[in-house]
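Peer 1: Give me a 3D structure for the following:
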Amino acid sequence: MDRTDRPGPRLAAGEPHPGEPAEALMDAGQIVARAAADEAEADEARARIRREGLPDLPPDERIAPLLQPGERVVAVRHAALLDRREPAPGERLTPGVAGELYVTSRRLVLVGRLTLSLGLDAVADAVVSGGRLLLVLRDGHGVTLQAAGPRLLWVEIAAARAALKAAGDHESGGGQRPAAR
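Peer 2: Next up, the predicted model:
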């Protein structure tokens, strides 16, 4: 049977069938393009932070009253969504909270309907997955951040965490010692 002899509706050449892979491929292409642009921005930020150190952004009226002495704003994401996940299956999930996400020299602060604060030293690991930034906390909980530029945000948080750790190591004369096993 020739390709044109197949039963079913006939479409003119080049005319996409609704729901055909062409739509999905266009969406996939856009997702890949956004991820590539985000990765390029993240690479540029890594190089800039190595050369110049962490940025020092002027605090706006939402974060200024919440900053602690000596704390500075490193990055801001507008329209961010934070979802906190509990580690045990079946536990109630805390609903997501939207607002402005501030990465400071000490913590992540989400200012929205609620104000949430998470110390950078509470973050054990971070990974970008599916356009979201997943944070694993030292207490076993997880946090999902959905914001523009998740790879760039990952770099900004990692740099702030490293600077905080370096400052702590410097102040304590070497940092934490590994626990004996």
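Peer 1: after the helix or strand where residue 133 lies, next one along is what?
Peer 2: Residue 133 is part of strand 132-137, with elements assigned from DSSP states H and E. Tracing the chain C-terminally past strand 132-137 and defining elements by DSSP H and E, one meets strand 142-146 next.
Peer 1: which parts of that next one are buried?
Peer 2: Residues 143-146 are the ones in strand 142-146 that count as buried (16 or more other CB atoms under 10 Å). Any C-beta I mention is one placed from the backbone N, CA and C, and that applies to glycine too.
Peer 1: just stretch 154-162 next, same as before
Peer 2: Neighbour-count burial for stretch 154-162, counted by 16+ other CB under 10 Å, picks out 154-161.
Peer 1: got the angle for the strand holding residue 133 vs strand 142-146?
Peer 2: Here strand 132-137 runs at 160 degrees with respect to strand 142-146, directions being taken by axes from the mean of the first three to the mean of the last three CA atoms, to 10 degrees.
Peer 1: taking the mean pLDDT, what do you get for strand 132-137?
Peer 2: For strand 132-137, mean pLDDT is 94.
Peer 1: Repeat that for stretch 153-164.
Peer 2: For stretch 153-164, the mean confidence score works out to 96.
Peer 1: can you start the count at 361 instead of 1 from here on
Peer 2: I'll keep to 361 as the first residue from here, and by that count the last item is stretch 513-524.
Peer 1: So for the helix or strand encompassing residue 488, what gets flagged as buried?
Peer 2: Counting by DSSP H and E, the secondary-structure element that holds residue 488 is strand 483-489. Residues of strand 483-489 classed as buried under the neighbour-count rule (16+ other CB under 10 Å) are 483, 486, 488.
Peer 1: What lies in contact with that strand?
Peer 2: Taking CB atoms under 8 Å, 6 or more residues apart in numbering as the criterion, the residues outside strand 483-489 that touch it are 493-498, 510-511, 514, 517-518, 521.
Peer 1: could the residues you listed go into CSV alongside distance to residue 527?
Peer 2: Below are the contacts of strand 483-489 laid out as CSV (distance: CB to CB, whole Å):
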residue, distance to residue 527
493, 23
494, 26
495, 20
496, 22
497, 21
498, 18
510, 26
511, 25
514, 20
517, 16
518, 15
521, 11
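Peer 1: Most widely separated two among those residues?
Peer 2: Every pair in the contacts of strand 483-489 was compared (CB to CB); the two farthest apart turn out to be 498 and 511, at 23.0 Å.
Peer 1: These two: which has the busier surroundings?
Peer 2: When neighbours are counted by other CB atoms under 10 Å, residue 511 comes out ahead of the other of residue 498 and residue 511, with 21 against 11.
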